[in-house]
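# build the 3D model from these lines:
(one chain, ligands or ions: 1)
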Amino acid sequence: MFRNFKTVERIVFGRGCFNQLDDILSVQRSAASPAVVFLVDDVFTDKPLKDRLPLHAEDLLIWVNVDDEPKTKYVDQLTAQVHQGMAAADMQLPCGVIGIGGGSTMDLSKAVALMLTNPGSSADYQGWDLIKQPAVYHAAVPTLSGTGSEVSRTTVLTGPEKKLGINSDYTVFDQVVLDPELVADAPRKQRFYTGMDCYIHCIESLTGTYLNAFSQAYGEKALGLCRKVFLDLHPDSDDQLMMASFFGGMSIAYSQVGVCHALSYGLSFVLGVHHGVGNSIAFDYLEEFYPQGVSEFREMLQKAGIDIPRDVVSGATDAQIEKMVDVALILEPLWENALGRDWARVMTRDRIRKLYEQM
Ligand SMILES: [Fe+2]
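Modelled structure (predicted):
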């Protein structure tokens, strides 16, 4: 069977296109359901972007905190907050949920849009195609580029048992607003690590066994853009990185990520390491799987003057390392993409443990 995957329905790209957001949302507003929920990264509470939000009187603005990666508990809390806000205004559901921020904020927005129409806890839906009801209309405005969340069919959440996405066709955004001006002020390190997420998506997709011409076309273009941004230090790097993120996301939509992402999920779950940082920590020890990718990655590190964290696992207990291995092993499609159908014979618990112990 070939994957019949869903993509984002509408995309607007260009410097300043954020100004069109009000027009874009006006189509969604109706008399019965006029309210839009804005979930905005709380780093913008004292930034000029705050005054540019196209808020109407009935809208709900929620500042979200993404110091920690998105947790199912937080999604459930935000969903309850939206339900309460709607009930207080005699409304059933908002007509839209808009996420403005980086990958974590976008993932929170997708998850809240899904959970507004699906019963129970978001932890019940961590997995593949467990969502049964369509989400509320949801749109993304990225202010950081690299995760590909703006285009992916997942929202990656840390639950009580595992770090795993809610993967479904309903997860995909209805609209994305790609305005490179919004990523210009991202902190240097954050921009780098998020960019490396994109670079690693490309390497894992392009070297994977799931690769086809579709994924390759997007992956190669995204990889070329990453090189322009992080090796050639191209002047239009905000525009380039924004498109690299989008194309990198499209590439993995039809293939998968690989060893680095599987290990990074374990680091995040147990040690709370952020996704982009966790990827960079893990990738540096994966020369045997991605020799060319790792050597180029080191060149990028050097050009950016970034020192990745070392010895992050050295203080971990035996039980913690075992949990990292458990979390990594849940991600079967990633291992299969990286190592083929026989991956479980090649990648034993012991081998995964040894990789973690180096980090
Ligand atoms: Fe990623």
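
# before we move on, which element is Val97 in?
Element membership of Val97, judged by DSSP states H and E, is strand 96-101.

# then Pro309?
Using DSSP H and E, no helix or strand contains Pro309.

# wait, it touches Asn279, no?
No - look at Pro309 against Asn279 with Cβ atoms under 8 Å: they stay out of range, at 12.0 Å. C-beta here means a position set from N, CA and C on the backbone, and glycine is covered the same way.

# surely Gly249 and Asp197 touch.
No - checked against Cβ under 8 Å, the pair Gly249 and Asp197 is beyond contact range at 10.1 Å.

# those two: who's more crowded?
Asp197 (28 against 25; other Cβ atoms under 10 Å).

# show the average pLDDT along stretch 310-324.
Per-region confidence: stretch 310-324 scores 96 on mean pLDDT.

# buried ones in it, by neighbour count?
For stretch 310-324, a neighbour-count test (16 or more other Cβ atoms under 10 Å) marks Val312, Val313, Ala316, Gln320, Ile321, Lys323, Met324 as buried.

# repeat for stretch 221-230
Buried residues in stretch 221-230, defined by neighbour count with 16+ other Cβ under 10 Å: Lys221, Ala222, Leu223, Leu225, Cys226, Arg227, Lys228, Val229, Phe230.

# skipping adjacent residues, who's closest to the last one in space?
Taking Cβ to Cβ, 6 or more residues apart in numbering as the measure, Phe230 lies nearest to Met300, with 4.2 Å between them; neighbours along the chain are not counted.

# pull the contacting residues for the nearest residue to Val277 once chain neighbours are set aside.
What sits nearest to Val277 in space, not counting adjacent residues and going by Cβ to Cβ, 6+ apart, is Tyr193, at 5.1 Å. By Cβ atoms under 8 Å, 6 or more residues apart in numbering, the contact list for Tyr193 reads Gly146, His274, Gly276, Val277, Asn279, Ser280, Ile306.

# list just the nearest of those residues to Trp335.
Nearest to Trp335, judged by Cβ to Cβ, of those is Asn279 at 15.9 Å.

# name the next helix or strand downstream of the helix or strand containing Gln320, please.
In this assignment (DSSP H and E), Gln320 forms part of helix 318-330. For helix 318-330, the following helix or strand on the C-terminal side (DSSP H and E) is helix 332-339.

# for the contacts of Tyr193, which one is nearest Leu39?
Nearest to Leu39 among the contacts of Tyr193 is His274, at 18.5 Å by Cβ to Cβ.

# you'd agree the closest one is up against Pro70?
No - between His274 and Pro70 there is no contact under Cβ under 8 Å: 11.0 Å.

# Pro309 and Asn279 - which one has more neighbours?
Remark: of Pro309 and Asn279, Asn279 carries more neighbours, 31 against 11, as counted by other Cβ under 10 Å.

# check which helix or strand that one maps to.
Asn279 belongs to helix 275-283 when assigned by DSSP H and E.

# give the PyMOL command for selecting the buried subset of the contacts of Tyr193.
Entered in PyMOL, the line below selects the buried ones among these, by 16+ other Cβ under 10 Å:
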select buried, resi 146+274+276+277+279+280
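
# turn the contacts of Tyr193 into a markdown table, including distance to Gln133 and pLDDT.
Shown next, in a markdown table, are the contacts of Tyr193 (distance: Cβ to Cβ, whole Å; pLDDT from 0 to 100):
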| residue | distance to Gln133 | pLDDT |
| --- | --- | --- |
| Gly146 | 30 | 97 |
| His274 | 31 | 95 |
| Gly276 | 32 | 96 |
| Val277 | 35 | 97 |
| Asn279 | 32 | 98 |
| Ser280 | 37 | 98 |
| Ile306 | 43 | 97 |
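
# helices along the chain, start to end?
Taking DSSP state H, the helices of the chain run over residues 21-26, 72-88, 103-115, 188-206, 213-230, 237-253, 259-271, 275-283, 291-304, 318-330, 332-339, 343-346, 349-358.

# what pairs with the strand holding Val97, parallel or antiparallel?
Sheet pairing for strand 96-101, assigned by DSSP bridges, gives strand 36-41 (parallel), strand 138-142 (parallel).

# averaged pLDDT, it. What do you get?
pLDDT averaged over strand 96-101 gives 98.

# angle of that strand against helix 103-115?
170 degrees (axes from the mean of the first three to the mean of the last three Cα atoms, to 10 degrees).

# C-alpha coordinates for strand 96-101, PDB please?
In PDB, the C-alpha atoms belonging to strand 96-101 read as follows (Å, rounded to 0.1, in the frame of the first residue of the first chain):
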ATOM      1  CA  GLY A  96     -10.200  28.200  14.900                       C
ATOM      2  CA  VAL A  97      -7.000  27.600  16.900                       C
ATOM      3  CA  ILE A  98      -3.900  29.600  15.800                       C
ATOM      4  CA  GLY A  99      -0.500  28.700  17.000                       C
ATOM      5  CA  ILE A 100       2.200  31.400  16.800                       C
ATOM      6  CA  GLY A 101       5.700  30.300  17.900                       C
END
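
# need the residues that contact that strand.
Contacting residues not belonging to strand 96-101 are listed as 21, 25, 28, 36-41, 43-44, 49, 53, 64, 66, 82, 105-110, 112-113, 116, 136-144 [Cβ under 8 Å, 6+ apart].
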